[in-house]
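Engineer: Next one to model:
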Amino acid sequence: MAIPKVCFDRVLPRNRFRPQTLVRTRRGGPMRAISPLGVLWMNGSTLRVRFLGGTASQKSIAREQALWWTEHANLKFEFGTDPNSEIRIAFDRNDGAWSYVGTEAREIPVNRPTMNLGFLDGGTAAHEFGHAIGLAHEHQNPAGGIEWNEAEVIRALAGPPNFWDEATARHNVLHKYLANQINGTTFDPDSIMLYFFPKEWTLNGVETKANEILSAMDKAFVAGAKMYPKTDTGTDKATVIKVNDSKRTAAEIGMPGEEDLFRFQANTAGTYTIETRGNTDVFMKLFGPDSETDVIAEDDDSGLATNARISRPLTAGEYYVQIRHYNQQQGTGKYSITVKKN
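Structural biologist: Numbering: from 1, shown residues only. You can find the predicted model right below:
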């Protein structure tokens, strides 16, 4: 029996088991494919990609398959040599294939890769770029119906080509997300985020197949309202907030899963406080300066009652504030927001 190559699902340890709120489609039906909550880039972002070595052929394959996603998702990849690139790709044949998931790449030092393409079989590069934009392994979908023969999986993955210890095998294959940690619930057997696993690895005879292209549901999922819809113009639609305005900016989360986006200009360095008011339980993210991909801070309930509040020193530049309801499945409501320089 041939042992499949399986990629590392690199999730930072502090986020691996972080509970989140279950999200479904606006129409109430389940989504296929899964994405851990809290790791998505701002919709409409341009993600810079830098190669750390690699042949012309390897780079060409990576570029081509990365663009499979941007045909459907409201994201852009900009390939170049910027040392601060969000995605940095190595081609170490001795390190397998892996990628950090979504915005967790921003926490990796800029001199280290956030993705490795140690092999480029089939749709491997597209699979890893799926991780890079926030998607998880489909076999770790809690609705997958896979009953693992754990002893056999651990034994098989201990040998070539993976050479994993038990903890690594459990993290990358046997561990499933909880339903409240992900977007999406229904299992997609055609997802490019799913690897081939032989039936000998399961107790119920389930065998998966290698998928080399994006499935119809992969495409629909990343283009959907909870990922990167192209109907949303991204930062272009951000509401401008004037710093130290005497009047609070009124806003409303009108539909479950909606995310509101604001922008403000810090003309001089100093301590700025962004806070919401109202009866709506909101969650806040702050991006910048002059970047739609650098997450500076996140907050849930540091404000009054269930309001969000971020107060920190900022350099001069433009900043983005993203607000969502804590309960992404059902939450709606009105609130207001201000930005003050202390």
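
Engineer: what's the distance between H72 and M227?
Structural biologist: 9 Å (CB to CB, to the nearest Å). From N, CA and C alone the C-beta is placed, and that goes for glycine too.

Engineer: Between the two, point out the one with more neighbours.
Structural biologist: A direct count of neighbours by other CB atoms under 10 Å for H72 and M227 places M227 higher, at 24 against 19.

Engineer: and the gap between the more buried one and M217?
Structural biologist: 12 Å.

Engineer: Just to check, G123 is in contact with A66?
Structural biologist: No - G123 is not in contact with A66 according to CB atoms under 8 Å; the separation is 11.3 Å.

Engineer: Tell me where the stretch 201-342 of the chain has helices.
Structural biologist: With DSSP state H, counting those that start in this stretch as the criterion, the stretch 201-342 of the chain has helices at 216-222.

Engineer: and stretch 195-203, which residues are buried?
Structural biologist: Y195, F197, W201, T202 (16 or more other CB atoms under 10 Å).

Engineer: how close does the residue of the chain most remote from its centre sit to Q265?
Structural biologist: For the chain, the residue at maximal distance from the C-alpha centroid (CA atoms, centre = their mean) is S246, at 36.2 Å. In this view, S246 and Q265 are 17 Å apart by CB to CB.

Engineer: need the contact list for the closest residue to R50 other than its chain neighbours.
Structural biologist: Computed as CB to CB, 6 or more residues apart in numbering, the closest residue to R50 that is not its neighbour in sequence is S85, at 3.8 Å. By CB atoms under 8 Å, 6 or more residues apart in numbering, the contact list for S85 reads R48, V49, R50, V110.

Engineer: what do you get for A238?
Structural biologist: Contacts of A238 (CB under 8 Å, 6+ apart): L261, F262, R263, Y320.

Engineer: Can you give me the separation between it and T168?
Structural biologist: For A238, the distance to T168 - CB to CB - is 41 Å.

Engineer: again, but for G270
Structural biologist: 46 Å.

Engineer: Those two: which has the busier surroundings?
Structural biologist: T168 (16 against 13).

Engineer: tell me the average confidence for whatever helix or strand the more buried one lives in?
Structural biologist: For T168, the host element (DSSP states H and E) is helix 166-169. Helix 166-169 shows a mean pLDDT of 81.

Engineer: send the alpha carbons of it over as CSV?
Structural biologist: Only the C-alpha atoms of helix 166-169 are listed here, as CSV (Å, rounded to 0.1, in the frame of the first residue of the first chain):
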residue,chain,number,x,y,z
GLU,A,166,2.5,10.3,17.0
ALA,A,167,1.8,13.9,18.0
THR,A,168,2.4,15.2,14.4
ALA,A,169,0.2,12.5,13.0
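
Engineer: what's the neighbour count on F221?
Structural biologist: F221 has 27 neighbours, counted by other CB under 10 Å.

Engineer: Give the buried residues for the longest helix along the chain.
Structural biologist: Secondary structure of the chain per DSSP state H: the longest helix is helix 56-70. The neighbour-count check on helix 56-70 (16+ other CB under 10 Å) flags Q58, K59, I61, A62, Q65, A66, W68, W69, T70 as buried.

Engineer: I'd like to know how many residues surround the nearest residue to the fourth one once chain neighbours are set aside.
Structural biologist: By the measure of CB to CB, 6+ apart, the closest residue to A62 outside its immediate chain neighbours is A125, 4.6 Å from it. Each residue near A125 was counted by other CB under 10 Å, and the total is 25.

Engineer: Pull the contacting residues for A125.
Structural biologist: I61, A62, E64, Q65, A66, L117.

Engineer: swap in T239?
Structural biologist: Taking CB under 8 Å, 6+ apart as the test, what T239 contacts is T249, A251, D260, L261, F262, R263.

Engineer: Report the separation between the residue lying closest to the second one once chain neighbours are set aside and Y100.
Structural biologist: Nearest-residue entry for A251: D260, 5.4 Å, with adjacent residues in sequence omitted and distances by CB to CB, 6+ apart. When CB to CB is applied, the distance between D260 and Y100 equals 27 Å.

Engineer: Looking at these two, which one has more neighbours?
Structural biologist: Neighbours were tallied for D260 and for Y100 using other CB under 10 Å; the higher tally belongs to Y100 (24 against 20).

Engineer: So what sits opposite that one in the bridge?
Structural biologist: In this entry, Y100 is beta-bridged to R10, by DSSP bridges.

Engineer: The spatially closest residue to P83 that is not a sequence neighbour and D82: what is the separation?
Structural biologist: Excluding the flanking residues, the one nearest P83 by CB to CB, 6+ apart is V110, at 5.7 Å. Applying CB to CB, the value for V110 to D82 is 10 Å.
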